[in-house]
Every structure is written in C-alpha cells, then in structure tokens.
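In: Following is a predicted model, sequence given first.
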Amino acid sequence: MTKNQNKDNTPTWIESDLRLAGTLDNRVIGLLKAIEQNGSLNQAAKQVGLSYKGAWQIIERANNSSPKTLVVTATGGTKGGGSYLTDAGQALIALFTDLQQQHQLFIKQLNRSVAENSDTVLLLQRLVVKTSAKNQFFGNVVDIQIGVVNVEVVVKLKGGEQIITTITLASLNELNLSVGLEAILLINSTDITLATAENINQFSARNRLFGEVIRIQQDEINAEIIILLAGGETLVVSITQQSLQLLTLEKGKQIGMIFKTNAPILGVKVTPESVKTFV
C-alpha cells in the first residue's frame, strides 16, 4: 500500500512486483538488460548497483534454473572476453516485459476498484497516517467557536465522546474548517493526566474522558496505561511508577483522563492520501 497516484490520478493503494517461478523478478531482468547493453557482466553489475560476485551468482542461478542457457560469458581473447544474452535470454526479457505490462494493467484495475469503494478508501486513508503520537482519534467536527485570538473546535468521536481543541485563527483559515468535516486528533501520551472519579473535579482541564484499564506496561521508571473508551477506541497514557502506585491502577478499573484543549493536534484531510495538521 502506498500514497502515490497513477497518471490518471487514481490513488495507488495496492502495489505488487511481478515475479516468475519465485526467482525471476525486476532485479534479474534488469541485470539481463544491462548485460545486453554493455556486453560485460562487470559493467552490467556496476550499472544496476551490484557487486561482480553478486551479479555472477544471480546469473548462475538463473542459468541453472532455466531449461536453456540465458547468458554466456567468455573469458580471455583479444578483447578480454565478455558476456552476452542467448536467444533464450532475449526471449525471456521479451516475455517478462509483456507480462509486466499486463500485470501493471491488472494492478491499476484493482486500484480503481478500491477507489470506488468509499468504506475501503476510508479505512486505508486512516491506516496511512504516520505520527509519533501514540493516540490517534478520528471523528467529525460538530462545533466551531471563534474567539478574538483563538478558535475552539469540538470533534465528536465514533463512540460519542467529544474532544475540544484550540487552534489559531490563521490555522482555521488554512484548514478551511467547517461543521461536519472529518478530522483526526493526535494526543501525546504524556499530555494526559489520570484521575479517579472522586478527584477529577479538582482539575480545570476541559477535556474529560472515562474508560476501563485493559493493560499496564511497565519499565523501571514509567508505566503506560492502555484504556478502553466506550466507543471501542483505546487511549495510551504515560505516568510515573509513583503515580501508578498512588492511583492503585489495575486491569478492569474505571479511570478518568483529563487534558487541556491545547494538547490535541488537529488534522484534516487535504487530499485523498494525505493529512494536514495544525496546532
């Protein structure tokens, strides 16, 4: 899967390289073509970025697995020898080139089929988002409150939870935000504070979520708490070992999560294959 596009602007979600008989691929055919161009295995190896030994081993395996010799190498002579393709080698290049064209047409057709399925495209778009933030939430913008300096954006998650994030007026214009737009929220695990139901009201942070502890991962200094939200999404929170002991956290315990409105990074889809984020 990739984020590239075909010449007809169809996203290339599916990629595949042609391989014949488990061994003949673009690398082998590329080496054969280079031998045909240069008449020398040594020069061909340099052209395709292989060592002479590596190129020789590839040709040796190809010759051994083929019913007919593909490459003939001559040593000595007035010109110092050389390498050339046999008729079988040239026929193999022609066959591979033809099959590769058909293969590319097949992959292009598969990508068109994927592009026509909106549910599949939505899934793939979410899978290609790469970020260092451990918490990624997808939702829809349900409210936008414009202030003098900043803008408050409310994003509703699939489970019904709402997260408030603050962005600048400039970011609002750049993102071209509107109610109903699909958005992604990125939240660092260290920007979230855990609190029990008894003391959560002591904090002024406006974002408050509740969930169930499903896993605790510890090292000598810190602990990562994985919490399941009502909508089925998970949230990762990093705390110290001391905080873990004070909260008496264990699997199955209900816990609150709080974070400020400037903690989430808001992102929107700007093309079918990319996401633009703003703080």
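Out: Arrived safely, thanks for sending.
In: Isn't residue 168 up against residue 152?
Out: No - with contact defined as Cβ atoms under 8 Å, residue 168 does not reach residue 152; the gap is 11.4 Å. The C-beta positions use only the backbone N, C-alpha and C, and glycine is treated the same way.
In: model confidence over stretch 147-156, on average?
Out: Averaging pLDDT along stretch 147-156 yields 91.
In: and if you look at stretch 165-184?
Out: 86.
In: any idea how far residue 41 is from residue 104?
Out: For residue 41, the distance to residue 104 equals 29 Å [Cβ to Cβ, to the nearest Å].
In: out of the two, which sits in the more crowded spot?
Out: Using other Cβ atoms under 10 Å, the more surrounded residue of residue 41 and residue 104 is residue 41, with 23 against 13.
In: tell me which element residue 136 falls in.
Out: Assigned by DSSP states H and E, residue 136 falls within strand 135-146.
In: in that strand, what's buried?
Out: For strand 135-146, the neighbour count (16 or more other Cβ atoms under 10 Å) marks 135-139, 141 as buried.
In: Repeat that for stretch 165-183.
Out: Result for stretch 165-183 [16+ other Cβ under 10 Å]: buried residues 165-167, 171-172, 175, 177, 181, 183.
In: now stretch 185-192
Out: Result for stretch 185-192 [16+ other Cβ under 10 Å]: buried residues 185-189, 191-192.
In: Mind checking which of those residues are in strands?
Out: 185-187 (DSSP state E).
In: how about residue 230, what does it touch?
Out: Shown in contact with residue 230 (Cβ atoms under 8 Å, 6 or more residues apart in numbering): 159-161, 210-211.
In: Please report the distance of residue 84 from residue 59.
Out: 12 Å.
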